[in-house]
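Trainee: Sharing a model prediction with you, sequence too.
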Amino acid sequence: MKSDFQTIIKDHNDILYKISKSFAFANYKDLYQEIAIQLWKSLKHFKGECQVKTWVYRVAFNTAVTYKSKSNSYTLKNLPLDFDMPNISEGKSQYNKVDNSSIEKKKKVNLLYKCINMLKPINRSIIILQLEGHDYEEISQITGLNVNSIGVKLNRIRKSLFRLLKENGYERI
Amino acid sequence: MAMKEYNIEALWNEDIAPEGQLSLGYLPGAIQSKLSVFGELKRVRNLFWWQWLMEFVSISLGVFLIFKSPDEITIIEIVLSLIYSGVVYFLYISYFIKFINGINKIPALKIKEAIQTYYDVLCNYIKRIYKLFLVLLILSFIASLIEVLFEHDKSILGKIIYLVSMLIFMAFPYAALEGYFDYMYKDSKTEFETLLRELEDE
């Protein structure tokens, strides 16, 4: 079971990282751990009735939605866009070797996460799944929402997200 | 006016999880707040500052005494006590820094191992400062011993009686030291031991 768990974490590390950042941008490491713990706890109940990936998504989203982040919307709004980018100003990091456009890109990525954090929890799950390339059917399976409503919802969520990106200075980066 | 669309898919794919950075050894804040052992760690950490407050009072008292009757205290005595206190404070502060660094860098991979490491760091800290206090007690006894041995206006018998009675009275500060450490740190250790037992049973 231990090796199964390690494999699951390894295989889904990227999406767990992204879900954690999308739900608790300022404390994403905490949330990542919470999700990992929940996966470990629920692994013994997983009987293979759905794909491992679907199960991972469900556990991750359930944990993320109920996760009480220590940071509030004020903290989130004021969190700098170079958050989690080591020592840019000191010029000691890996960013030393990269050009300004990479830093800009990273800031834009962080802004995207910040804006996703501002959406309603269920909307965050839907947009994450779409960004991960899942079709309506899969999104419906994972979230439990009606497949016919996914398209309309996604349209609204994307519009909200674009508006948030604009309001939070995406074009000024 | 139509909302401007951004290529969020490209941005999303741009971000990749850092390899190895999100290890399972990192104990989440949400878990920390649920475990009373972390409250105990905080209490032990705060205790350091309370002890410093007491030190500050005793240092102030010493300085006051020097200024009150400067003729009774020689420069050598002041220098010696400064060196003595300096070494003690240096050790005490370095133990505290080691303790803080220890609890901030827990390399364990599982919660139980992490808690065990926290426990070991706490025990080491308590052991170190206990030893320091004990050494201080012994040193103060040796200092009195030397003082008595070089006193000329006391007979040999008088010196022996004085030293024996001092040895007997040493039991009191020693008991006080034991009591102090029990009162201040035993709860913290017990909390950890209980939690570790619970995790063992799970």
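Mentor: Here it is on my side, so go on. Numbers count the residues shown, from 1 in each chain, chains lettered A, B, ... in the order given.
Trainee: alpha carbons only for contacts and neighbour counts from here, please
Mentor: Will do.
Trainee: Look through chain B and tell me its longest helix.
Mentor: Longest helix of chain B, by residue count under DSSP state H: helix B:111-149.
Trainee: One more: chain A?
Mentor: Scanning chain A for the helix with the most residues, using DSSP H, yields helix A:147-167.
Trainee: Mind checking the pLDDT average for that one?
Mentor: Taken as a whole, helix A:147-167 has a mean pLDDT of 93.
Trainee: Likewise for stretch B:166-185?
Mentor: For stretch B:166-185, the mean confidence score works out to 86.
Trainee: what about A:Arg124, distance to A:Glu138?
Mentor: In this structure, A:Arg124 and A:Glu138 are 15 Å apart, going by Cα to Cα, to the nearest Å.
Trainee: More neighbours: which of these two?
Mentor: Ranked by neighbour count (other Cα atoms under 10 Å in any protein chain shown), A:Arg124 and A:Glu138 place A:Arg124 first, with 23 against 15.
Trainee: got the contact list for residue 65?
Mentor: Because you didn't say which chain, this covers chain A. By Cα atoms under 8 Å, 6 or more residues apart in numbering or on different chains, A:Val65 lies in contact with A:23, A:121-122.
Trainee: so what's A:Ile116 up against?
Mentor: Residues counted as contacts of A:Ile116 (Cα under 8 Å, 6+ apart) are A:22-23, A:124, A:161.
Trainee: Helices of chain A, start to end?
Mentor: Remark: helices assigned in chain A by DSSP H are A:2-11, A:13-23, A:28-43, A:52-66, A:73-78, A:100-118, A:121-131, A:136-143, A:147-167.
Trainee: for the last one, the distance to its chain's centre please.
Mentor: Averaged C-alpha coordinates place helix A:147-167 at 16 Å from its chain's average position (Cα atoms, centre = their mean, to the nearest Å).
Trainee: Pull out the buried residues from that helix.
Mentor: Residues of helix A:147-167 classed as buried: A:150, A:154, A:157-166 (neighbour count, 16 or more other Cα atoms under 10 Å in any protein chain shown).
Trainee: Could you single out the most deeply buried of the helices of chain A?
Mentor: Highest mean neighbour count among the helices of chain A (mean count of other Cα atoms under 10 Å in any protein chain shown): helix A:13-23, with a mean of 23.
Trainee: Could you confirm whether that helix reaches chain B?
Mentor: Yes. Judged by Cα under 8 Å from any Cα of the partner chain, helix A:13-23 and chain B are in contact via A:13-14, A:17-18.
Trainee: how about CSV for the buried residues of helix A:147-167, with distance to chain B added?
Mentor: Shown next, in CSV, are the buried residues of helix A:147-167 (distance: Cα to the nearest Cα, whole Å):
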residue, distance to chain B
A:Ile150, 18
A:Leu154, 13
A:Ile157, 12
A:Arg158, 9
A:Lys159, 7
A:Ser160, 10
A:Leu161, 9
A:Phe162, 6
A:Arg163, 7
A:Leu164, 11
A:Leu165, 9
A:Lys166, 8
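Trainee: for these, which one is nearest A:Leu31?
Mentor: Nearest to A:Leu31 among the buried residues of helix A:147-167: A:Leu161, at 22.3 Å, using Cα to Cα.
Trainee: Which residues are in contact with the closest one?
Mentor: A:115-116, A:119.
Trainee: circling back to that earlier point, max pairwise distance over the contacts of A:Ile116: which two?
Mentor: Using Cα to Cα, those reach their maximum pairwise distance at A:Phe23 and A:Leu161, which is 14.4 Å.
Trainee: Relative to A:Ser125, how far out is A:Gly133?
Mentor: 13 Å.
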